[in-house]
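**Q** Fold the following.
(2 chains)
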Amino acid sequence: GQSLEQPSEVTAVEGAIVQINCTYQTSGFYGLSWYQQHDGGAPTFLSYNALDGLEETGRFSSFLSRSDSYGYLLLQELQMKDSASYFCAVSPAGTALIFGKGTTLSVSS
Amino acid sequence: DTAVSQTPKYLVTQMGNDKSIKCEQNLGHDTMYWYKQDSKKFLKIMFSYNNKELIINETVPNRFSPKSPDKAHLNLHINSLELGDSAVYFCASSRMVGGATRNTIYFGEGSWLTVV
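**A** Numbers count the residues shown, from 1 in each chain, chains lettered A, B, ... in the order given. Take a look at the predicted model:
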């Protein structure tokens, strides 16, 4: 089977930096993805790491260490609009994404 | 212009009824999915179709039956609805490259199902 672990909640203030960790156990591995979901909205793709290292996209970065079965999403210069749920996901068999239980990020002023 | 569209967006129905949710994607993707999101926001894969062929059928009651008339459509029919079926159902699509699903999945806006 597969499992993904991520913190259930994280709080931070505007302008801060937040790191959301994700550890996974999976029978197969085709990379680690991150999705964002605002309340009442659909999950939307943020980033994808197939290889070890850091991927940067604007204020958001994602890191992967395959040897440690670990990754994280780094959000910089936090804004109120970043308040949302963040999901890490893997595709063990290359057929569908399996999601973690999500981390609710609350950004306050 | 909507990439993945699903209808209805909201559905309130009584226990025991049968209902369907329709989904269409105009992205030219060959793989479509149904995910269920419960009240704790846990996103669980239910079904996956590739070119109209069922490739994933997770442990889902057989009251749930997906139907894919073509690779742009994947509908979900639910028989004998139960209170526990209340959830948000997301349709999604992606490309399959080299036998593996690309990790960018595009979700529809969700269908909020409430069974009373």
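**Q** Next, the contact list for B:Val116, please.
**A** Contact analysis of B:Val116 by Cβ atoms under 8 Å, 6 or more residues apart in numbering or on different chains lists B:Val12, B:Thr13, B:Gln14, B:Met15, B:Leu83. No exception for glycine: its C-beta is placed from N, CA and C like everyone else's.
**Q** try it again with 6 Å
**A** Contacts of B:Val116 were listed using Cβ atoms under 6 Å, 6 or more residues apart in numbering or on different chains, and they are B:Gln14.
**Q** Look up how far chain A lies from it.
**A** B:Val116 is 20 Å from chain A, where distance means Cβ to the nearest Cβ, to the nearest Å.
**Q** out of everything not next to it in sequence, what's closest to B:Ser5?
**A** B:Glu24 (5.4 Å; Cβ to Cβ, 6 or more residues apart in numbering or on different chains).
**Q** and after the helix or strand the one you found falls within, which helix or strand comes next?
**A** Assigned by DSSP states H and E, B:Glu24 falls within strand B:19-25. Using DSSP H and E, the helix or strand that follows strand B:19-25 in sequence is strand B:31-37.
**Q** got the residues of chain A near chain B?
**A** Residues of chain A lying close to chain B (Cβ under 6 Å from any Cβ of the partner chain) are A:30-31, A:33, A:42-43, A:45, A:48, A:85, A:91, A:94-97, A:99, A:101-102.
**Q** Can you pick out the most distant pair from these?
**A** Using Cβ to Cβ, the residues of chain A next to chain B reach their maximum pairwise distance at A:Ser85 and A:Gly94, which is 25.0 Å.
**Q** Between the two, which has more neighbouring residues?
**A** Using other Cβ atoms under 10 Å in any protein chain shown, the more surrounded residue of A:Ser85 and A:Gly94 is A:Ser85, with 20 against 17.
**Q** Quickly find the element holding the more buried one.
**A** strand A:84-90.
**Q** Quickly run through the sheet partners of that strand, with directions.
**A** strand A:32-37 (antiparallel), strand A:98-99 (antiparallel), strand A:103-108 (antiparallel) (DSSP bridges).
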